[in-house]
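Peer 1: Any chance you could fold what I've pasted below:
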Amino acid sequence: MMDVIKVMTIKVMIVDDHPFIRLGIRSTIASEPGMQVVFEAPGGLAAIQYARQSALDVILVDLALPDIPGVQVIETILKDKPGVKLLVCSNFSDDQHIIASLQAGAIGYLLKTDPPEKIIQAIRDAFEGKTTLSRLAESSLISHLQHQPARPAPTPELTGREIEILKLMAGGKSNAEIAAQCFISEGTVRTHISHIQAKLNLDSRAKLVIYAVREGLISI
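Peer 2: Model prediction:
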């Protein structure tokens with residue numbers, strides 16, 4: 001008897017008040033195997049309500065919503081569903097919006113001008129726990145960090161293994177890839193990441209990426 005291979009479908013919600021934008025993203029996703037748009041929300045409140053009662057993997061959220069700010073949507077959903085991955089898809093490319101989104105817990109930041117293949121890859125990366133930045137957003141973030149005053153050496157004492165994992169994580173590696181490279185289990189990777197977050201008082205993967213760049217541990 002042949003084994004049945006279960007195909008994983010990435011469940012996606014689109015949060016944007018422009019029907020044309022939602023249609024474009026939905027059409028792009030519809031052509032991709034293993035990926036499905038399960039809900040479209042024209043505003044933040046509808047998105048929060050649906051997320052609370054539904055199983056989702058990745059949420060694409062605009063920042064300029066008609067009812068509540070996109071950053072508030074990110075924070076609220078993650079309080080209820082910390083395992084959901086939120087990707088910003090916005091017209092804003094300035095560092096203030098990018099940093100605010102990442103600090104709220106977004107795993108990545110895209111621009112609506114990014115090509116369809118970039119958005120598709122970002123959804124897959126987010127599902128795997130990888131941080132993705134649009135090239136323009138990446139440049140804006142780097143420029144902001146370069147103009148910040150020098151900071152003293154970090155006070156929390158990270159172990160050599162924790163620094164290694166932080167560098168790999170900030171470099172875009174998933175937990176599975178980190179485990180393979182370090183010859184440890186994914187459970188051990190998650191434990192190390194929890195210890196790093198506790199020592200640095202940072203509660204999201206994206207915030208750890210910002211920290212690693214600021215401290216010179218890795219260059220984006």
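Peer 1: Only C-alpha atoms from now on, for both contacts and neighbour counts.
Peer 2: Fine.
Peer 1: Give me the longest helix you can find in this structure.
Peer 2: Taking DSSP state H as the assignment, the helix of the chain that covers the most residues is helix 186-200.
Peer 1: Give me the angle between the following helix or strand past that one and helix 186-200.
Peer 2: Toward the C-terminus, helix 186-200 is succeeded by helix 205-214 as the next helix or strand (DSSP states H and E). Relative orientation of helix 205-214 versus helix 186-200 (axes from the mean of the first three to the mean of the last three Cα atoms, to 10 degrees): 60 degrees.
Peer 1: Check which helices and strands helix 205-214 sits against.
Peer 2: Secondary-structure packing of helix 205-214 (3 or more Cα pairs under 8 Å, 6 or more residues apart in numbering; DSSP states H and E): helix 95-104, helix 160-170.
Peer 1: As TSV, these with mean neighbour count, distance to residue 19 and mean pLDDT would be great.
Peer 2: Supplementary listing: the helices and strands packed on helix 205-214 in TSV, determined by neighbours: other Cα atoms under 10 Å; distance: least, Cα to Cα, whole Å; pLDDT from 0 to 100:
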stretch	mean neighbour count	distance to residue 19	mean pLDDT
helix 95-104	20	23	85
helix 160-170	19	34	86
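Peer 1: Could you save these as a markdown table and add columns showing distance to residue 73?
Peer 2: Output for the helices and strands packed on helix 205-214, formatted as a markdown table (distance: least, Cα to Cα, whole Å):
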| stretch | distance to residue 73 |
| --- | --- |
| helix 95-104 | 9 |
| helix 160-170 | 24 |
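Peer 1: picking up where we left off before, which residues are contacting the longest helix of the chain?
Peer 2: Where contact means Cα atoms under 8 Å, 6 or more residues apart in numbering, the residues beyond helix 186-200 that reach it are 156-158, 162, 165-166, 175-176, 178-179, 203-204, 208.
Peer 1: Can I get it as CSV, trimmed to CA atoms?
Peer 2: Written as CSV, here are the backbone C-alpha positions of helix 186-200 (Å, rounded to 0.1, in the frame of the first residue of the first chain):
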residue,chain,number,x,y,z
GLU,A,186,14.6,22.1,16.6
GLY,A,187,13.4,21.9,20.2
THR,A,188,16.8,22.9,21.4
VAL,A,189,16.9,25.8,18.9
ARG,A,190,13.5,27.0,20.3
THR,A,191,14.8,26.7,23.8
HIS,A,192,17.9,28.8,22.9
ILE,A,193,15.7,31.4,21.2
SER,A,194,13.5,31.6,24.3
HIS,A,195,16.6,32.2,26.5
ILE,A,196,17.9,34.9,24.1
GLN,A,197,14.6,36.7,24.1
ALA,A,198,14.4,36.5,27.9
LYS,A,199,18.0,37.9,28.3
LEU,A,200,17.5,40.7,25.8
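Peer 1: Name the residues of it that are buried.
Peer 2: Within helix 186-200, the residues that qualify as buried are 186, 189, 192-193, 196-197, 200, counting by 16 or more other Cα atoms under 10 Å.
Peer 1: among the contacts of helix 186-200, which ones are buried?
Peer 2: Going by neighbour count (16+ other Cα under 10 Å), the contacts of helix 186-200 have 162, 165-166, 175-176, 178-179, 204, 208 buried.
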